[in-house]
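A.B. asks: Fold the following, please.
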Amino acid sequence: MIAAIKAPGANTRGLLAYLYGRGRADEHLDPHIVAGFAMLGMPDPGRDENATLTELARHLDEPVSLRNSEFGKKITDHVWHCPVRAAPEDRYLSDAEWGEIAQRIVEAAGVAPAGDDLACRWIAVRHADDHIHILATTVREDGRRPKLHNSGIRAGDECRQIEKDYGLRQLNKGDGTAARRPTQAEMHKAERLGWEQTSKEWLQDRIRAAIPHARSAEELLAYLEADGVAIKPKRGPSGDLLGYAAGRPGDLNEDDEQIFHPGGKIAPDLSLPKLRARLESSRPEEHPTARRNRPSTPWHKATAALDTLHADLADDAHAQAHIAALGELIEATAQKAPDNLRMELRSASKAFARAERSQIRAEDRAAHALRYAARDIAHTATGPDGSALAALLATLVWAAIIASRWHEAKRHAHQADAARKAVQHLQAAADCALTPILTELEARTPKQRACLVLASDVRAAVPDHAERILTDSSWPALATVLADAEARGHTPHQLLKEVAAQRELDTARQPARVLITRIEHTSRNPAPNRRAEAARRRSTMTASLSPSGPDVAQASAAAPAPAEQQHRPRR
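C.D. replies: Residues are numbered from 1 along each chain as shown. As a prediction, the model looks like this:
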């Protein structure tokens, strides 16, 4: 059950005309009052043919008129309107039940607290089976205004209790971090102009798509302007950026002027201070040895950056920052992915946006690696090769699963649900990306004897999951990947243990597929010769004292492979 409080209005008679009218598509049937502040003597045009809307409006507005005449200043925000709607699968509710529900909501919202004889005047009108409209005039009988701060939160909490008491579908409790729902006026305007989205929804998508491309708030606004978004910056006397508002081209007011929406009104996490914290977090200085071991492409960098996500979620502030940066990475990947994957990835990005914010304040500097990985992908001029993209998408699936579990543990119901929806879209994209790779791998499956040896490696490395892996339809492709890795100098047994430790396989639908993408990512480079590397380090340190150092390194590099690798059968 949803109670959606609308913006305050000034025309009681006008709202009554809508509630008792035929509706925009003749959907209003039998409009009548089911509850009110004083049912005795209440004029109801839906039940009394002699009662008029004007009479009912005057009855509700009486305290407002008295206050206006007494203080000489006309109140223009006194109409409180709250539609209350049941879920489509809920049972039919009688007039009496709807009346009780309306009474509970006005009490919880502070419009008419229980036992308050001087509370505001209100009615509840029913003109359909599944919802009612509560209309109140927010001037009390004693002339004071009611305290309605956070009335929406209190009404929502009461709806959660009503759902339990009446056996209705139970929704998750809100936490105040969701974007505002479009108003009826915004939706009707979008429909009238032929737009699929309201202006705020359209702007939210454009701003989120621009975030991976920018390194500062100024860059973000410039990018949005170049993308066709109308931007209205707010600057101080020194020229410093203090705020911004964005507008959709063609969204004009009655004077044909561009309508602008402040960033914080478009979505809670798109205000200038929050965008600035995300975009302008400093990047720590990179150690020289890290550059040598750094992955070669933006796609490999992104996959590597996600490898430590599970550990990064240990601290709440760091976790929230990494989840927000994960959303940026999903969006950047969607922008650069092939056409056949783009729709699913855009849907994943849109769904995951709700998981990016909670009441936990993010320490944005902690997520620099993920954020820069997203920017590298957004700025790359070339698309990914198939295996790199498949590895990244499989890792994104696992990352979104980790994010949903973290939100569940923190009792962030809406965010956990959003992350789960994103997982479904990411999984569909990952399956599609992996299909041609599996076909190519299965076409060159190792010989039977080699497969048997590799199967023994699987049983030794991951005994708890061996049977699921070996009976997976993708096992022949996994055998090929292991054989390829072995040809590059890797040990299949050790590689399997290492990769299995990066992600638990209990919840994997097809564990062989998970291992394929992870092993291809981990083993894409030849295995380092540990003896040669050790000799190289020694020769670097002692070259001036021991001229034989380089010879030792060369001898170590030429040393024979371990016996384990010498006697394995050929493919």
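
A.B. asks: residues touching Glu328, list them.
C.D. replies: 211-212, 278, 370-371, 374 (Cβ atoms under 8 Å, 6 or more residues apart in numbering). Any C-beta I mention is one placed from the backbone N, CA and C, and that applies to glycine too.

A.B. asks: Give me the pLDDT value at Ile153.
C.D. replies: Ile153 is assigned 88 on the pLDDT scale.

A.B. asks: Now it: which helix or strand?
C.D. replies: Per DSSP states H and E, Ile153 falls inside helix 151-166.

A.B. asks: and the helix or strand that comes right after that helix, what does it pack onto?
C.D. replies: Beyond helix 151-166 on the C-terminal side, the first helix or strand identified by DSSP H and E is helix 184-193. Applying 3 or more Cβ pairs under 8 Å, 6 or more residues apart in numbering; DSSP states H and E, one finds that helix 184-193 makes contact with helix 199-210.

A.B. asks: list the contacts for Trp299?
C.D. replies: Going by Cβ under 8 Å, 6+ apart, Trp299 touches 377, 384-385, 388-389, 391-392.

A.B. asks: Try it again at 6 Å.
C.D. replies: Going by Cβ atoms under 6 Å, 6 or more residues apart in numbering, Trp299 touches 384, 388, 392.

A.B. asks: give the contact list for the last one.
C.D. replies: When you say that, I think you mean Leu392. Leu392 is in contact with 299, 302-303, counting by Cβ under 6 Å, 6+ apart.

A.B. asks: Could you single out the nearest of the residues you listed to Arg361?
C.D. replies: Ala302 (25.4 Å; Cβ to Cβ).

A.B. asks: Can you give me every residue that contacts the nearest residue to the closest one once chain neighbours are set aside?
C.D. replies: Nearest residue to Ala302, sequence neighbours excluded (Cβ to Cβ, 6 or more residues apart in numbering): Ala373, at 4.0 Å. Ala373 makes contact with 301-302, 305 under the criterion Cβ under 6 Å, 6+ apart.

A.B. asks: can you redo the contacts of Trp299 as TSV with pLDDT, secondary structure and distance to Asp48?
C.D. replies: Shown next, in TSV, are the contacts of Trp299 (pLDDT from 0 to 100; DSSP: H, G, I helix; E, B strand; the rest coil; distance: Cβ to Cβ, whole Å):
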residue	pLDDT	secondary structure	distance to Asp48
Pro384	75	coil	70
Ala388	88	helix	73
Leu392	93	helix	67
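
A.B. asks: Phi first, then psi, for Lys410.
C.D. replies: With angles defined as degrees, to the nearest 10, Lys410 sits at phi -90, psi 0.

A.B. asks: contacts for the helix holding Ile153?
C.D. replies: Residues from elsewhere that reach helix 151-166 (Cβ under 6 Å, 6+ apart): 1, 3, 5, 101, 104-105, 108-110, 170, 173-174.

A.B. asks: hmm, which of these are the buried ones?
C.D. replies: The neighbour count (16 or more other Cβ atoms under 10 Å) marks 1, 3, 5, 101, 104-105, 108-110 as buried among the contacts of helix 151-166.

A.B. asks: Closest one of those to Ile134?
C.D. replies: Distances from Ile134 to the buried ones among the contacts of helix 151-166, taken by Cβ to Cβ, are shortest for Ile105, at 6.4 Å.

A.B. asks: what's in contact with whichever helix or strand the closest one is part of?
C.D. replies: Ile105 is part of helix 95-109 when elements are defined by DSSP H and E. Outside helix 95-109, the residues that touch it by Cβ under 6 Å, 6+ apart are 3, 34-35, 112-114, 122, 124, 126, 132, 134, 151, 154-155, 158, 162.

A.B. asks: Any chance of a PyMOL selection covering the buried ones in those residues?
C.D. replies: Those of the contacts of helix 95-109 that count as buried under 16+ other Cβ under 10 Å are selected in PyMOL with:
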select buried, resi 3+34+35+112+122+124+126+132+134+151+154+155+158+162
